[in-house]
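**Q** Structure, please.
(chains A and B, ligands or ions: 5)
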Amino acid sequence: MADVTLTVDGKKITAPAGTLLIDACRKAGIEIPAFCYYPGLSLQAACRMCVVRIEKIPKLQTACTTPVAEGMIVATDTDEIKQSRKAMLQLVLANHPLDCPVCDAGGECELQDMTFKYGAADSNFVDVKNHREEQQWSPVVYFDRPRCILCYRCVRVCGEGMDVWALGVQNRGVSSVIAPNGGDHLDCEECGMCIDICPVGALTSDTYRYKTRPWEMTHVSTICTHCGDGCKTTLGLRSSSDGMEIIRGDNRDKSGINGDFLCVKGRYAFDFANHKDRLTQPLLRNAEGKLVPASWEEALTFAGQRLHEIRDTRGGEQIGVIGSNRATNEESYLLQKFARSVLGTNNIDHHRTADYVSFAKALAGQEQRAASLREAETAPAILLIGGDPTEQHPMLAWNLRTNVRHNRARIYVVNHQEIKLRRQATSFLKISAENYSAFTRFLAGEENSIFGAEATALRETLATEPNLLVIFGSELRGAAIEALVRYGLSLPDTKFACLGDYVNSRGAADMGLYPDMLPGYVPVQQPGAFATEYGERFPAAPGLDLPSMLDVAARGNLAALYVVGSNPVHRYGVAAASLKNTFLIVQDMFLTETALLADVVLPIANLYEKAGTVTNTYGDLQLVRKAADRAGVRTDLELIVRLADTMGADVHALVPFGQGTRADMGQSRGAQSGEADRHAVWLAAQNLEPKLSPFDPSALLDEIQRLIPSYSFSRLELFAGNDQHVQATSKNNALVQISNLSQRPDGVLPSMDTLFTSGTMGRYSSKLTEVHDSRNKEILVAAN
Amino acid sequence: MTTEAPMKAPTIFSSELAARFDKLVALYPARRSALIPMLLYAQDEQGYVTDAAIEEIARRIGITPLDVRNVLSYYSLLRTKPVGKYHVQVCTNISCMLRGGQELFEHCKEHLGIGHKETTPDGVFSLEEVECIGACSWAPAVQVNYDFHDNLTADAMDAVLDQYRKQAGK
Ligand code: SF4
Ligand code: SF4
Ligand code: SF4
Ligand code: FES
Ligand code: FES
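**A** Numbers count the residues shown, from 1 in each chain, chains lettered A, B, ... in the order given. Ligands and ions are numbered 1, 2, ... in the order given. Below you'll find the model as predicted:
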């Protein structure tokens, strides 16, 4: 829209016509206070804090509801306005306790700031304040009624934003009160958005309330370890007796891919790190067959020597490796390189949650066809086939809802279940679970009598959509993905997204945790540059996939299995006895079903305790920063390097370290501890990284970028904390030449996680378990 | 928020009222516009707005029970607790106050032996102090159920109450 020019406090500013005055001012650096206004939510005009004087209008006006107009002359900071704001604050404070020093929000409360600014702590009201006890509404949500200033942010974010509508306003005037849908409790998705958005201490979370003060925490922004959306989260940390402990997760600065959104997992399910069963010492199986604590030296030497021996006596093909959906790109890359170049095996796989290989194959030769998560918020039309974003990709669901609300996007849902997102959909087509593949062919024009008039109408509508975003769930695999992509490519400017389950499921695939695919989906049989990169042990033939490894092990023919951050025994229902003839090394945080059978168990750090990068299911690459710390654990990266070292491998060949800038990194403890950070910031700003040790992930990122052409992005942007979109494959990807790929089993086993589960790790989150158990009833969504 | 048509389900209301509701929800461009009349009719038929009525009205309109409660709790003439057979609403707003409304309210309290928003043990009377009921010209005024009594004195009030008491058994 055309720009208009207006004058605010004597300063000329311009803004597109239709912009709200409050936004125009803020953009121009003029502060307008606001309690009820919240960008992205509907207008409320309840708090009157944003009042300004507009020339020629007799009364003060609310800047949050007034659009800018040509020639408008506005004053935002006169005595009259200050007096008005002060009076509003006094009204708000009429029943609000002035006990900020003991309030959970003290120090980051918008009301506290405003009261300081406008000096409204004195009051003309003589009535006694009405005290009410705090109420616990759910395992996460607490409500402290006297602190509520009735800004309705929580009501709107829960309704409009989450489409849960669990909060309402009851009564009238001074007795108005925020009320939960269950009468005295909440039946909801427990996302904590209401708590996060509450400007005061009225809504608080069970996880964080009264534990600390905002200024007493260290804040580190990193990536959520749960679903495949990869939300950015800023973790609030404090030191504990054995490291740094996470006490809060939010994204209040709205940076990153998810704005201020986090779901219940991102916001509260970090407590697995403190679970009492967390392993902090390596374990070795002793002569009596019991797992007993051992030193790192002992454990690594033993594991390394056994692997060495097995490789040399029985051959690499008798060794299997299983990687993780939650390890970083660097770790996954290193793991497969270790398997291929040190162990000499292609028997490497991971728990596959989506058929990324077929997706990459279908898109081979195309450019810029894979959509970023951000595009779900802007695309004019979306075809959603399969999947259930509300349960499995909460951030995606949030973006889709926002897109409908703000841009009237058209969402066409095709699913075998009545997924909740159909409520925002332009059309909902129900098909049966086994017909997804047939449906993709139907879309492409193949007539099929199982699809009726509704399906035909949908197909015709889609043909008129010029900028379609096609998002598909793990129901679609192999030929179905290829058919769908081929169909999409026949429409103009279609983009695609393939939904996988965990934070780095896509990264694991991109990094080549496959028996037949190298990093960047390069087939093992046509290894190209990898042939020389990975040395002479690198086998030419594809290896065994995960189920086959387990089968071979059950037959007693797998001599060793190295499992990194995965629990295949549980996931694939493996009988304990079937691994009895296999030397089993497990790296995990807990004594999982798999770790229980191991000969060597190595305790590891989780994603919040290490650095690197992850790629979400859409291909958005983001920086993972080390936030928490736990004595007694090590990163997968370090352990793989150390194992290689004890096996006598050339660590320099494995990790190209020591080639970066050498710098004085300062002190990491004591008075000058900030120094290291300052150096790191400087180096990042110069696009330089230290890479001083073999445990430095950026050394591996160099190699990843060198060998995977589609991983080309700005390191500077990445280190500045911005997401970078990468494509699955680059142009001229070798995949196209592989003819028998369609026959390849996709091996996908969807995790079937819900909003309140997160694989094995989720079981160790007390908060998630509590929420899960308390949710016996269905979520009480509106009007069903 | 949702456009899905509510499903047909057994009703807790009389068949006449159910039929009336069927019409009401279709009458306005937005279904939820029917909410307040529906609440009033439900209250008239059942004496107060019951939980079951809230559920059914929500279902009929296609909104959440919470939405219904949000509106319901705003209006003081809508209630969620039973009242007496005769609900005596004494106005103490400005005109009535100037003409003895407050005293009249005290008198009713004494006469009936109950306070604001209370019900006599026999369930015949309940009492409520209300804001202006639009009969200021004849203040002080009292509304019993939907009937008005104005220009009241303590004696006149007693007569009115006695009248109702006599009818009560019938
Ligand atoms: S779903 Fe629950 S936790 Fe999330 S905003 Fe609504 S009430 Fe709050
Ligand atoms: S609880 Fe918080 S967010 Fe909700 S209305 Fe009250 S002050 Fe606003
Ligand atoms: S949507 Fe996914 S990535 Fe985002 S907070 Fe939730 S689980 Fe984490
Ligand atoms: S911000 Fe404008 S009225 Fe609340
Ligand atoms: S003041 Fe009593 S009827 Fe108006």
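
**Q** hey, let's count contacts and neighbours off CA atoms from now on
**A** Fine.

**Q** Next, count neighbours for residue 84.
**A** No chain in the question, so chain A it is. By other Cα atoms under 10 Å in any protein chain shown, the residues close to residue A:84 number 19.

**Q** looking at chain B here, not the other one
**A** Using other Cα under 10 Å, the number of residues around residue B:84 comes to 19.

**Q** tell me the secondary structure for it?
**A** Under the three-state scheme (DSSP: H, G, I helix; E, B strand; the rest coil), residue B:84 adopts coil.

**Q** how close does it get to ligand 5?
**A** Here residue B:84 is placed at a distance of 22 Å from ligand 5 (Cα to the nearest ligand atom, to the nearest Å).

**Q** Verify the stated contact: residue A:279 with residue A:591.
**A** Yes: Residue A:279 lies in contact with residue A:591 (Cα atoms under 8 Å); the separation is 7.2 Å.

**Q** In chain B, which helix is the longest?
**A** The helix that spans the most residues within chain B, counting by DSSP state H, is helix B:154-168.

**Q** Run through who's touching that one.
**A** B:85-86, B:104, B:107-108, B:111, B:124, B:149 (Cα atoms under 8 Å, 6 or more residues apart in numbering or on different chains).

**Q** got it, and stretch A:213-225?
**A** Stretch A:213-225 has contacts (Cα under 8 Å, 6+ apart) with A:104, A:106-108, A:230-238, A:266, A:326, A:502-503, A:607-608, A:622-627.

**Q** Show me which positions of that stretch end up buried.
**A** Of all the residues in stretch A:213-225, those buried under the rule 16 or more other Cα atoms under 10 Å in any protein chain shown are A:214, A:217-225.

**Q** Inside strands: which ones of the residues you listed?
**A** Among the buried residues of stretch A:213-225, DSSP state E puts A:218-223 in strands.

**Q** a markdown table for the residues you listed, including pLDDT?
**A** Below are those laid out as a markdown table (pLDDT from 0 to 100):
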| residue | pLDDT |
| --- | --- |
| A:218 | 92 |
| A:219 | 94 |
| A:220 | 93 |
| A:221 | 94 |
| A:222 | 96 |
| A:223 | 97 |
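
**Q** can those residues go into CSV with extra columns for distance to ligand 2?
**A** Shown next, in CSV, are these (distance: Cα to the nearest ligand atom, whole Å):
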residue, distance to ligand 2
A:218, 25
A:219, 23
A:220, 25
A:221, 24
A:222, 26
A:223, 26
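
**Q** Show me the shaky parts of chain B.
**A** B:1-9, B:170 (pLDDT under 70).

**Q** next one: the stretch 1-150 of chain A
**A** A:1.

**Q** go again using 80 as the cut-off
**A** Where the stretch 1-150 of chain A drops to pLDDT under 80, the residues are A:1, A:120-121, A:123, A:126.

**Q** Helices of that one, start to end?
**A** Under the criterion DSSP state H, counting those that start in this stretch, helices of the stretch 1-150 of chain A are mapped to A:21-27, A:79-92, A:110-118.

**Q** looking at those helices, which is buried most?
**A** Burial of these is given as mean neighbour count (mean count of other Cα atoms under 10 Å in any protein chain shown); helix A:21-27 ranks first at a mean of 20.

**Q** For ligand 4, see how far away residue A:612 is.
**A** To ligand 4, residue A:612 is 40 Å away according to Cα to the nearest ligand atom.

**Q** now do residue B:59
**A** Residue B:59 sits 33 Å away from ligand 4, going by Cα to the nearest ligand atom.

**Q** Any figure for the gap between that residue and residue A:156?
**A** Residue B:59 sits 22 Å away from residue A:156, going by Cα to Cα, to the nearest Å.

**Q** just to revisit the earlier point, then the longest helix of chain B to PDB, C-alphas only?
**A** Provided in PDB are the C-alpha atoms of helix B:154-168 (Å, rounded to 0.1, in the frame of the first residue of the first chain):
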ATOM      1  CA  ALA B 154     -43.700  -0.200  53.700                       C
ATOM      2  CA  ASP B 155     -47.400  -0.900  54.100                       C
ATOM      3  CA  ALA B 156     -48.000  -1.100  50.400                       C
ATOM      4  CA  MET B 157     -45.100  -3.500  50.100                       C
ATOM      5  CA  ASP B 158     -46.500  -5.700  52.800                       C
ATOM      6  CA  ALA B 159     -49.800  -5.800  50.900                       C
ATOM      7  CA  VAL B 160     -48.000  -6.800  47.700                       C
ATOM      8  CA  LEU B 161     -46.100  -9.500  49.400                       C
ATOM      9  CA  ASP B 162     -49.200 -10.900  51.200                       C
ATOM     10  CA  GLN B 163     -50.900 -11.000  47.800                       C
ATOM     11  CA  TYR B 164     -48.200 -13.200  46.400                       C
ATOM     12  CA  ARG B 165     -48.100 -15.300  49.500                       C
ATOM     13  CA  LYS B 166     -51.800 -16.100  49.000                       C
ATOM     14  CA  GLN B 167     -51.200 -17.000  45.400                       C
ATOM     15  CA  ALA B 168     -48.300 -19.200  46.300                       C
END
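
**Q** Pull out the buried residues from it.
**A** Per 16+ other Cα under 10 Å, helix B:154-168 contains these buried residues: B:154, B:157-158, B:161, B:164.

**Q** From the buried residues of stretch A:213-225, pick the one nearest residue A:203.
**A** In terms of Cα to Cα, no member of the buried residues of stretch A:213-225 lies closer to residue A:203 than residue A:214, at 15.9 Å.

**Q** how far away is the closest one from residue A:106?
**A** Between residue A:214 and residue A:106 the computed distance is 8 Å (Cα to Cα).

**Q** ranges for the helices of chain B?
**A** Under the criterion DSSP H, chain B contains helices at B:15-27, B:35-46, B:51-61, B:65-72, B:94-98, B:101-112, B:154-168.

**Q** Show me what the fourth one is packed up against.
**A** Yep, that's helix B:65-72 we're talking about. Packing partners of helix B:65-72 (3 or more Cα pairs under 8 Å, 6 or more residues apart in numbering or on different chains; DSSP states H and E): strand A:167-170, helix B:35-46, helix B:51-61.

**Q** for those, which one ends up most surrounded?
**A** The most buried one of the helices and strands packed on helix B:65-72 (mean count of other Cα under 10 Å) is strand A:167-170, showing a mean of 22.

**Q** and that one, which strands flank it?
**A** Note on strand A:167-170: by DSSP bridges, its sheet partners are strand A:177-180 (antiparallel).

**Q** Just after the strand it pairs with, pick out the following helix or strand.
**A** helix A:193-197 (DSSP states H and E).

**Q** Name the residues of that following helix that are buried.
**A** Across helix A:193-197, burial judged by 16+ other Cα under 10 Å covers A:193-197.

**Q** so what's the residue nearest in space to the middle of chain A scoring on pLDDT?
**A** Geometric centre of chain A, nearest residue: residue A:230, 2.1 Å, by Cα atoms, centre = their mean. pLDDT, residue A:230: 97.

**Q** was I right about it contacting residue A:618?
**A** No: the pair residue A:230 / residue A:618 is not scored as a contact, 9.4 Å apart, by Cα under 8 Å.

**Q** separation between residue A:718 and residue A:620?
**A** To residue A:620, residue A:718 is 11 Å away according to Cα to Cα.

**Q** Neighbour count: these two, which is higher?
**A** Neighbours were counted for residue A:718 and for residue A:620 using other Cα under 10 Å; residue A:620 has more, 23 against 18.
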